[in-house]
Structure formats: C-alpha cells, structure tokens
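Student: Provided below are the primary sequence and the corresponding predicted coordinates.
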Amino acid sequence: MTGSGPERSAEARKNYYGVQALRALAAALVVVHHSISMSLMWVVRRPGAPYWTNGAAGVDIFFVISGFVMAISVPGLAGKRNKAGVFLWRRFTRIVPLYWAALTVRLAQLLLAPAQDPTLTPWRVVASYLFIPAKNGKGEVFPIVVAGWTLNYEVFFYLLFAAALAFDISPLAFLAPCLTALALAGMARTPAWPDFTALASTLVLEFLFGVVLAHFATRRKLPGAAMGWLLLAGGLVALLLVPEAHAPLGFLAWGAPAAAIVTGAVALEDQLGSRVPRWLLAAGEASYALYLSHTFILPYVINGIRGVHMTGAPALATAIVLGLAVTFPAALLIHRHIELPLMHFFKKRRTRPADPAAPSLLASAISPLAAVVDSPE
C-alpha cells in the first residue's frame, strides 16, 4: 500500500544506520583488495598471479548507496528556490575539498619524484581536478589519484540528478531513460572512442538501482524481514564468491548482489538500525576519507612487510590485517581533523547572506562536474 505524504516525508528523513554500516564495509573491501594486489606486486613478486578480486566490489556497494541516498534526500529540498544549485553546493562541500586536497598531495609527490608517473601532463592534472575522464600513459582512464576514477562516475550522476531537480522532473523518471541509454552505449563503446565516453558504462545502472530502491522506500513498499535477511545474506555471499565479470556484464556479477545487500539493509532498518554499534557508524562516517587516503598509506605498510622479508601467504595475511588496522584509524583522524573542518568551513559560507548566488557560481565553476558518495544528511 502506498504511503501518504507525511509518511513519505518521515521515511525520507529517517537515518539509515544500516546503510552507514555498509559504507564502512564497502571501504574495508576496497582496502583488502588493494592490500592483496600491492602485496602480490611488491612482496610476493607475482603481479600476474590470479587472486581474490572481489574486494573491488565495495565500489559497487558505494554506487548503489549513492543513488539511494540522493533520491531519498529529495524531500529535504522541498520549498527551496534553487533546488539544483543547493544540491550541487551541498555535494561540493561534502566531497570536493577533501578530494582536491588528496589530488594536491599526490601532484606534489609526482613533481618531487617524476619517475613515478613520467606521463603526467597538464591536461591530466586539469582533468583530474575537474572529474573529467582522461587516459594515463598506459592508456587507462585514471585520474592522478587512481581511486578518483569512481568519482568521475559519481559526479556525472549528480549532474544528471541536479538536471532533474532543475527541470522539476521526478529523478527516477529522468534518470531511468538517461542511465539506460548510457549503459546501452557503453556496451557498444570501443577504446577508440574519446576518453570522456568512459562514463557510458553499465556501471551507471548501479546508481539507478539505488534510485529505484529509494522510490519504493519512500512509499513503504519494501520487502519484509524474512526477504530482507535473504537479500542481505545472499547478496553478501554472492558478492564475496562470484568472480569478476568483464563488461558489459559486470553490473550483473557484482552490481546485482550490491543492490540486494543495500535493499536488505534498508528493509531491515527498523529491526537492525538501532543495533549498529557506534564504532561501525564512526567507520561509516570516515569511509570517504578512508577511500581517498588508503592508497597513500598502504604502500608504507607493504614496504614495512617487505622490509622484514616476509613472503607468501603470511605476507598476504599480514598485509590485509595491518592494512585495515592502520588505514581505518588514519581515516578517522583525517575525517575529524581535515574533512570535517573543511565541510564546516564551506557550510558556514553557505549560510552567509550572499550565499543564494553561490550554487549558480559553483555550477558554472565545476560544471560539468561535482560530488559523490555521500551519507544521509
């Protein structure tokens, strides 16, 4: 049964603590993935060896969460004169400053040691700051901070979302045909296409999964507890066991289980949300800081393992344990002492009298790019 207006508003305003916990899980999976790959390359000396790559599926969870969080937050923009501009400004304050800080640190590293990336060009620098896909010297579409490749998709998704708000169209009605068309185009894409067309990918359907979930959540049309448990547990098992599939079927191999996991968490919020421990919620809050910082920290962990001449399975296990044990506390510190101060600084600017012009200035300055994995506000 479809909920009434007040019911929908209440559903949209609730805190989804289960989703916050999933953000921590997704970030941890990515850390595990990179701990293993770096260990194989630098310690075990078997860079081409087959290994468990499913940790990379944490990104798929993030993408589904992004679609859900943005769609579920739409009622909070009701009554605002410039909904699209306010939306973009909020995403900017939440995401862009910390990412630009990480980019600047990485750029400084490369300028001091250019041998690390001899193909660094002015265009790649500009493209990285503006979330525009661009190839590196190996022909891979990666920004200077490699983890930022996902932000290119995220930013593009939020621009489409802002367009729906600007034209006062239901996000689902607007995004469903747009993202489906992009996914179909991605199936036909070849390496000869321009770099920016990398955004045409079946991965964008994972955002759409999240938007559809929010549509049903605000109408209280979610699975019951039994189905919620089945989706959550079954999705986790599938995500951890199903091997990586090449495009264009990757969104089915990992995107579908990711959608099931997030759907299960949302459906079980009333039963499980209040039981999520505070440390897990804190980890979820710091998940974005962890995602951006872990590739800076892990090389030191891996080099430390190599320095004690540890090899084989013990080296891999140690890399995973130490990787998580070091990067999570570091991310919490970065979140508290860098990310939150940056967010508060820009939010204070947003509350000044001149702020109504800020969203349009932001849209002009960073278009066609802005923001990403976010938590419910």
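Tutor: Good, I have the coordinates. All of these numbers come straight from a predicted model, not from anything done at the bench.
Student: can you count the residues close to residue 88?
Tutor: Residues lying near residue 88 (other C-beta atoms under 10 Å) number 28. Glycine gets a C-beta too; all of them are placed from N, C-alpha and C.
Student: Tell me the helices and strands packed up against whichever helix or strand residue 18 is part of.
Tutor: Following DSSP states H and E, the helix or strand that holds residue 18 is helix 17-42. With contacts taken as 3 or more C-beta pairs under 8 Å, 6 or more residues apart in numbering; DSSP states H and E, helix 17-42 sits against helix 58-72, helix 256-267, helix 269-272, helix 278-285, helix 287-307, helix 312-334.
Student: Mind putting those into JSON lines with mean neighbour count, distance to residue 25 and mean pLDDT?
Tutor: As requested, the helices and strands packed on helix 17-42 are exported to JSON lines (neighbours: other C-beta atoms under 10 Å; distance: least, C-beta to C-beta, whole Å; pLDDT from 0 to 100):
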{"stretch": "helix 58-72", "mean neighbour count": "27", "distance to residue 25": "7", "mean pLDDT": "96"}
{"stretch": "helix 256-267", "mean neighbour count": "26", "distance to residue 25": "9", "mean pLDDT": "97"}
{"stretch": "helix 269-272", "mean neighbour count": "16", "distance to residue 25": "13", "mean pLDDT": "94"}
{"stretch": "helix 278-285", "mean neighbour count": "17", "distance to residue 25": "8", "mean pLDDT": "96"}
{"stretch": "helix 287-307", "mean neighbour count": "20", "distance to residue 25": "9", "mean pLDDT": "94"}
{"stretch": "helix 312-334", "mean neighbour count": "18", "distance to residue 25": "12", "mean pLDDT": "94"}
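Student: Select, out of these, the one closest to residue 199.
Tutor: The minimum distance between residue 199 and the helices and strands packed on helix 17-42 falls on helix 58-72, with 12.8 Å, by C-beta to C-beta.
Student: Surely residue 243 touches residue 253?
Tutor: Yes. Counting by C-beta atoms under 8 Å, residue 243 does reach residue 253; the two are 7.3 Å apart.
Student: Which residue of those two possesses the greater neighbour count?
Tutor: residue 253 (18 against 10).
Student: Give me the neighbour count for the closest residue to the more buried one other than its chain neighbours.
Tutor: The spatially closest residue to residue 253, leaving aside those adjacent along the chain, is residue 245, at 3.6 Å (C-beta to C-beta, 6 or more residues apart in numbering). Using other C-beta under 10 Å, residue 245 has 13 neighbouring residues.
Student: Tell me which residue of the chain is furthest from the middle?
Tutor: Most distant from the centre of the chain: residue 309, at 35.0 Å, with distances by C-alpha atoms, centre = their mean.
Student: Look up how far residue 122 lies from that residue.
Tutor: From residue 309 over to residue 122 the distance is 42 Å, taken as C-beta to C-beta, to the nearest Å.
Student: and what of residue 300?
Tutor: Separation of residue 300 from residue 122 (C-beta to C-beta): 29 Å.
Student: Could you identify the longest helix within this protein?
Tutor: Secondary structure of the chain per DSSP state H: the longest helix is helix 83-112.
Student: which parts of the helix or strand that that one is followed by are buried?
Tutor: Downstream of helix 83-112, the next assigned helix or strand under DSSP H and E is helix 122-129. The neighbour-count check on helix 122-129 (16 or more other C-beta atoms under 10 Å) flags 124, 125, 127, 128, 129 as buried.
Student: what is the orientation angle of helix 122-129 with helix 83-112?
Tutor: For helix 122-129 against helix 83-112, the angle by axes from the mean of the first three to the mean of the last three C-alpha atoms, to 10 degrees is 140 degrees.
Student: Which elements pack onto helix 122-129?
Tutor: helix 83-112.
Student: now for the helix it packs on, which elements pack on it?
Tutor: By 3+ C-beta pairs under 8 Å, 6+ apart, helix 83-112 packs against helix 122-129, helix 149-166, helix 287-307, helix 340-350, helix 358-366.
Student: out of the ones you listed, nearest to residue 238?
Tutor: Comparison of these against residue 238 by C-beta to C-beta identifies helix 149-166 as nearest, at 20.9 Å.
Student: which is the next helix or strand following the closest one?
Tutor: Next helix or strand after helix 149-166 toward the C-terminus (DSSP H and E): helix 171-188.
Student: Next, the angle from that following helix to helix 58-72.
Tutor: Counting by the same axes, to 10 degrees, helix 171-188 lies at 150 degrees to helix 58-72.
Student: Show the average pLDDT along the helix or strand following helix 171-188.
Tutor: Note on helix 171-188: by DSSP H and E, the next helix or strand toward the C-terminus is helix 204-218. Averaged across helix 204-218, pLDDT comes to 96.
Student: In helix 204-218, which residues are buried?
Tutor: Buried residues in helix 204-218, counted by 16+ other C-beta under 10 Å: 204-215, 217-218.
Student: export these to a markdown table and tack on distance to residue 14?
Tutor: Converted to a markdown table, the buried residues of helix 204-218 look like this (distance: C-beta to C-beta, whole Å):
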| residue | distance to residue 14 |
| --- | --- |
| 204 | 27 |
| 205 | 26 |
| 206 | 23 |
| 207 | 21 |
| 208 | 22 |
| 209 | 20 |
| 210 | 16 |
| 211 | 18 |
| 212 | 18 |
| 213 | 14 |
| 214 | 12 |
| 215 | 16 |
| 217 | 9 |
| 218 | 10 |
